[in-house]
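A.B. asks: what would the 3D arrangement of this be:
(2 chains)
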Amino acid sequence: MANEGWFFRSRRGLPLELQEAQAWIESIARGYGLDFCETIFEMCDWEEINMLAAYGGFPTRYPHWRWGMEYIQMDKGYEYGLQKIYEMVINTRPAYAYLLDNNTLMDQKLVMAHVYGHVDFFTQNAWFAPTNRRMLDQMANHATRVRRQIDAEGQDTVERFIDMCLSLENLVDPFHDHIKRHRSESEREREEARLAPGYAKMPAKQYMDKYINPPEYLAEQQQRHVEQLERSQRFPAEPERDVLGFLLKHGRMRPWQSDVLSVIRDEALYFAPQGQTKIMNEGWASYWHTTMMTRDILSDSEVIDYADHHSGTVAMRPGQLNPYKLGIELYRHIEDRWNKGQFGKDWLDCEDVAVKRDWNTNAGLGRAKIFEVRKSHNDVTFVDQFLTEDFVRQQGLFSYEYDKAAGHFVIDSREFADVKQKLLQMLATRGNPRIAVTDANHGNKGELELTHDHEGVDLQVQWAEQALGNVARIWGREAHLLTQVDGKRVILHHDGDRFLVETPKAGS
Amino acid sequence: MPLNIESDVHRFKQIVRGRVRKELRKHMSSSEIIGKEGGRAVRVPLPQIGIPRFRYGENEQGGIGQGEGEEGQAVPGQPGDPGQGQAGDQPGEHEIEGEVSLEELAEIIGEELELPRIEPRGQKEIKSDKDKYTGISRLGPESLRHNRRTFREALKRQVASGSWSPQDPRIIPIREDKRYRTWKTKFEPQSSAVILYMMDVSGSMGREQKEIVRLEAFWIDLWLSHNYKNVKTRFIIHDAAAREVDRETFFTTRESGGTLISSAYKLCWEIIEADYPPEEWNIYPFHFSDGDNWSKADTTQCLELLRGRMLPAVNQFSYAQVDSDYGSGQFFEDLKANLADDERLVLSRVPDRDHIMDSIKELLGKGR
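C.D. replies: Predicted coordinates for the structure are as follows:
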């Protein structure tokens, strides 16, 4: 195994002042019950920080131009003072976090407090449980593997293939490591057909029965049915959301291509839980940096700077939702409710608004509750379970839609049910349409059929065209995508060179 | 730049370069690229470079916002800003721009149009190619051994293999440790040049014609600046009379008078005589017109001036005729008929923007 500790081993280590700060903040965090693995802080200059940010927090990634592109963009952003990466921490064991070397001491303490929140979350949240904590080595190994393929196949060839794989990066099953999906539906059906010998029986009076339904005929019918079921048995038996995994297993690829594709898929799966817990994770870290900074860490002279920087991270631009802000407020909302005992049957059954408003049993369970919440929830379940009507009203949340006629976004609703549904829908998809492999032997020609689970939102067809082309190129034969455009069913076809949109007739 | 991202950045720049090269004709005939010229580099929009994914259309999805406002009102703070208020971590689809330095852009057009390197007149003995040590390699002559790098490699190896001890800090390089300097031959221009732009601003030269001239001038400047150490530009506009103006005025003035081309050529010659002795300067007059001269007599005057004085003094005299709805284009024919055999005179016609690339190739393709 390549050990990429070199980047860290060659580091200069923290200055004494920050070492002391770290030890202090760590003990405060542990005092609050945060339970995190060892965390190593690295001092970096802004070029290094930008590089790490472009690489998703890791010191080594496989060679690819898009890191370079992101680096250039970040570099410009920093130079012009448009953006400044505040904190970055990676989900490994030990966890690594980075400090920008020309930040003030107050900033560094703020970042440390925030980072301990994240590391606690990485360590404790169930959705991170299956992630590879040795990803630092894994990423370096991936880089070595891809470099080896580049040496053998040439940079252009490999890079073009990586581009194709990346274009399908979002077609993984985010619940891959959590759920064992069972696939025996059609098998069970076949079983049932065999077990019900009289299924083809026609209704007949008893004395006529053996003439109308001769036993040989019934047996024959049953046999035919079983055969038919077997013939029409689809592969995959159930829609397969892990499209990358499916391509990897069944696509016609050369060994080096499989190798590259598996690298891309592994990394996509590694980052998946971070996408699923953005609100919770950022909210949790913000909750803890606020708590620790204001109660324990800040000296009088640092308060103004702190308030300034903190308000920057949780600021709301008009009309926009800030995940940090939503997360931290929702945790506070939960804490408040459980402190006052506003939960359980009595609370839910109570219909007196005045009583509910002043409800306080001094239960004092708030802190314990949020610790429990951060252990088992992801963003979807977090919002589903804890977003309340009061919260939506207090925070002034609304849902919006695009008004084509007006050419801008319009506030659609402030109703609790609407807001919650929209928010859940967004969190469930995160901009990634649900697309699954539904038939790997389309038209009995070994072509690949994908189905888009249309949830009222159309795909961007131009992008879909190119992505579908990449599916076809990786699969090795024509690819088809069933979706809807403007309320009509359409099938997109791509054979790697040509693209075709077919609008099937209704009922076909 | 730190560490290993360097090669990814390099790769991205290469891709940008490749993209520019592929779409050079488009870039050469659009104002977009020169509109974004900033100092030493131009910014090139790269709509195709993003990685295509199955995504929702930008406006389709709607979202959740926070703040003031009634139902049915516009969401505040959305001046066409994409990716509004999405709680997801998806960045908006912003247009990607790449940066290409003017130096690189010049190299690209040089390679793509197969423009020969210009041989400066009379100064052939000055060597313009310069060797520069730019890299490190594992192979090379001992005379170019890079001692510091070699010993660093040796130290790394010895530390890694455990044969180095602080008590006896001896470092002995072996063959694999050795590093050598490598060099690149770089073209470094030595001499100076002056570009004299002349343009017909009579009524028949419209906005589109001027835009074509502006685009051509950009590429001419770019190529000549790449070939000479020091390039000066002067601007002359003319209708029935000629005057020298600054760059800004040159591209914006519109007059309505008639056209006496000889007025411009006379002024041009005066400037050359006064400021740019031909034995020290490489001289490039460029004349843009729609080819509609006032009279035959004036055309004759022009021909004499060219044949007798200007052509012997300049590297190349270029006449580019921008077709307009009003111009007869006769001047092009007159030059062709009378001076076609003089290779110091280069003629080009630009019917429309799409021909800018061909025209540049004609104008600069002689390597003079």
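A.B. asks: quick one: residue B:61 and chain A, what's the gap?
C.D. replies: Distance, residue B:61 to chain A, by Cβ to the nearest Cβ, to the nearest Å: 5 Å. Bear in mind the C-beta positions are built from the backbone N, C-alpha and C, glycine included.
A.B. asks: let me see the backbone angles for the closest residue to that residue other than its chain neighbours.
C.D. replies: Distances taken as Cβ to Cβ, 6 or more residues apart in numbering or on different chains put residue A:457 closest to residue B:61, at 5.3 Å, once the chain neighbours are dropped. In terms of degrees, to the nearest 10, the main-chain angles of residue A:457 are phi -120, psi 130.
A.B. asks: the stretch 101-250 of chain A: helices as residue ranges?
C.D. replies: A:105-124, A:135-153, A:155-167, A:185-195, A:209-212, A:215-232, A:243-250 (DSSP state H, counting those that start in this stretch).
A.B. asks: for residue A:303, find the nearest of the ones you listed.
C.D. replies: Distance to residue A:303, taken as Cβ to Cβ, is lowest for helix A:105-124 among the helices of the stretch 101-250 of chain A, at 9.1 Å.
A.B. asks: close to chain B, is the closest one?
C.D. replies: No: using Cβ under 8 Å from any Cβ of the partner chain, no contact is recorded between helix A:105-124 and chain B, whose separation bottoms out at 14.4 Å.
A.B. asks: mind giving me the packing neighbours of that helix?
C.D. replies: Counting contacts by 3 or more Cβ pairs under 8 Å, 6 or more residues apart in numbering or on different chains; DSSP states H and E, helix A:105-124 is packed against helix A:16-31, strand A:39-44, strand A:88-90, strand A:95-100, helix A:278-292, helix A:303-314, helix A:366-376.
A.B. asks: winner for burial among the ones you listed?
C.D. replies: Ranked by mean neighbour count, the helices and strands packed on helix A:105-124 are led by helix A:278-292 with a mean of 24 (mean count of other Cβ atoms under 10 Å in any protein chain shown).
A.B. asks: now do it: distance to the chain's middle.
C.D. replies: Here the centre of helix A:278-292 is set off from its chain's centre by 19 Å, with Cα atoms, centre = their mean, to the nearest Å.
A.B. asks: repeat that for stretch A:238-251.
C.D. replies: 18 Å.
A.B. asks: first-to-last residue distance for that stretch?
C.D. replies: 18 Å (Cα to Cα, to the nearest Å).
A.B. asks: I'd like the average pLDDT over that stretch.
C.D. replies: The pLDDT scores in stretch A:238-251 average 91.
A.B. asks: residues in contact with it?
C.D. replies: For stretch A:238-251, the external contacting residues (Cβ atoms under 8 Å, 6 or more residues apart in numbering or on different chains) are A:165, A:168-169, A:171-173, A:176, A:181, A:183, A:185, A:236, A:253, A:258, A:261-262, A:264-265, A:268, A:434-438, A:440, A:450-451, A:471, A:474-476.
A.B. asks: now, of those residues, which are buried?
C.D. replies: Among the contacts of stretch A:238-251, those scoring as buried are A:165, A:168-169, A:171-173, A:176, A:236, A:253, A:261-262, A:264-265, A:268, A:434-438, A:440, A:450-451, A:471, A:474-476 (criterion: 16 or more other Cβ atoms under 10 Å in any protein chain shown).
A.B. asks: tell me who's in contact with residue A:272.
C.D. replies: Counting by Cβ under 8 Å, 6+ apart, residue A:272 makes contact with A:172, A:174, A:176.
A.B. asks: and it, what element?
C.D. replies: Using DSSP states H and E, residue A:272 sits in helix A:255-276.
A.B. asks: what is the mean pLDDT for that helix?
C.D. replies: 94.
A.B. asks: show the model's pLDDT score for residue 173.
C.D. replies: By default, I'm working from chain A. Taking residue A:173 on its own, its pLDDT is 87.
A.B. asks: was after chain B, sorry
C.D. replies: Looking at residue B:173, its pLDDT is 90.
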